[in-house]
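S.K.: test case, fold it:
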Amino acid sequence: MRGILGRPVLLAAALLASGGLFAGTAVTAAAQDTPSELAKTTDYQQARWHKLHFKPAIDTATNEQCLACHQEVLTGKVREASPAGLKAANAEAWYQTLDTYTGSQDTFHARHLTSAYAKQVMDLKCVFCHQGADPREKAPGSHATGQEPAAFTLRKTVDPSQTCLKCHGQFPNQNMGLDPWVQVREGLETPETPNGCLTCHAEQFRTVRHQVSYLKADAIETLAKTKADACYGCHGGRAWYRISYPYPRHPWPGMDAAVPDWAKDRPSESEAKYRLPQK
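M.R.: Predicted coordinates:
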């Protein structure tokens, strides 16, 4: 068996036999789960099958625990110039097109965790996107101990429909009976009202929002008073997808009891795992 399947399979079999796959590998003691102890792990297979990569431990893993082994996602930097010689300083990345982003180009993880804007309006954790890293084939039902089919997207480490899409969907102008925002905003914004979104969303519609643990609601509301892109950035300005995210419709003061057709399948509360305590 060793000659055919190799050491990783033998290790996995041993872990399963001992109940160690989900209870933890040799690194099981509570003291060894600290970032400093995790960083001392030198055996690749031991690290690969560590309990923090599986449910339920992954749900409570801290950024510090994750970064103990994955620090390179933040220490790495973008190229100063492309292989063809185009300097980054002379090019504008798509995420630099809105006035909420400042500074030079940066890497994906840095933009979401350590950039000035991320620290101002977001409170993202590694596990918001990364819900585990099963070393086996990333397909539901492919093995007895695999995650439930709904727990991940086929062959993807991250489920973009439940993570990226929340902040990178299209602006749903059809739902509001509007033209695309780039065409509408000019008629709604003046030096006195710099954010056209608040023409309707200050007091009339969808005024209960952002009450989730991965966003800083108060900071967003404060910034939105002076910057339209504080709203549009996440609601169409940095769209990766052709669809919008079906945000829950939290009841707001004066909300019409009649639900429009496009919203009849929308939840009325945010997901329980992200929901903030009611004030």
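S.K.: which residues in the protein form strands?
M.R.: Under the criterion DSSP state E, the chain carries no strands.
S.K.: what ranges of it fall below the confidence cut-off?
M.R.: 1-32, 140, 145-152, 279 (pLDDT under 70).
S.K.: and it, what are its domains?
M.R.: 2-70+124-162, 75-121, 165-263 (automatic domain parsing).
S.K.: okay if I get those domains as CSV plus mean neighbour count?
M.R.: Every C-beta, even on glycine, is put in place using the N, C-alpha and C of the backbone. Listed next are the domains of the chain as CSV, based on neighbours: other Cβ atoms under 10 Å:
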stretch, mean neighbour count
domain 2-70+124-162, 14
domain 75-121, 13
domain 165-263, 15
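S.K.: let's have the ones you listed in JSON lines, adding distance to Leu276.
M.R.: Shown next, in JSON lines, are the domains of the chain (distance: least, Cβ to Cβ, whole Å):
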{"stretch": "domain 2-70+124-162", "distance to Leu276": "15"}
{"stretch": "domain 75-121", "distance to Leu276": "15"}
{"stretch": "domain 165-263", "distance to Leu276": "5"}
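S.K.: of the ones you listed, which is nearest Arg275?
M.R.: domain 165-263 (6.8 Å; Cβ to Cβ).
S.K.: could you tell me the end-to-end distance of that closest one?
M.R.: 18 Å (Cα to Cα, to the nearest Å).
S.K.: just give me how far it sits from the chain centre.
M.R.: 19 Å (Cα atoms, centre = their mean, to the nearest Å).
S.K.: now stretch 163-181
M.R.: 18 Å.
S.K.: which residues touch Val178?
M.R.: No Val there; residue 178 is Leu. Residues in contact with Leu178 (Cβ atoms under 8 Å, 6 or more residues apart in numbering) are Val184.
S.K.: distance check, it against Ser213.
M.R.: Counting by Cβ to Cβ, to the nearest Å, the separation of Leu178 from Ser213 is 30 Å.
S.K.: got it, and Glu80?
M.R.: 36 Å.
S.K.: now His201
M.R.: Taking Cβ to Cβ, one finds His201 at 22 Å from Ser213.
S.K.: same thing with Leu52?
M.R.: Applying Cβ to Cβ to Leu52 and Ser213 gives a distance of 20 Å.
S.K.: and if you look at Trp94?
M.R.: Counting by Cβ to Cβ - Trp94 and Ser213 are separated by 27 Å.
S.K.: thinking Leu129 is in contact with Thr163, fair?
M.R.: Not quite, residue 129 is Cys, not Leu. Yes. Counting by Cβ atoms under 8 Å, Cys129 touches Thr163, with 4.7 Å between them.
S.K.: now list whatever residues contact both of those two.
M.R.: By Cβ under 8 Å, 6+ apart, no residue touches both Cys129 and Thr163.
S.K.: spatially nearest residue to Ala93, not counting backbone neighbours?
M.R.: Gln105 (5.0 Å; Cβ to Cβ, 6 or more residues apart in numbering).
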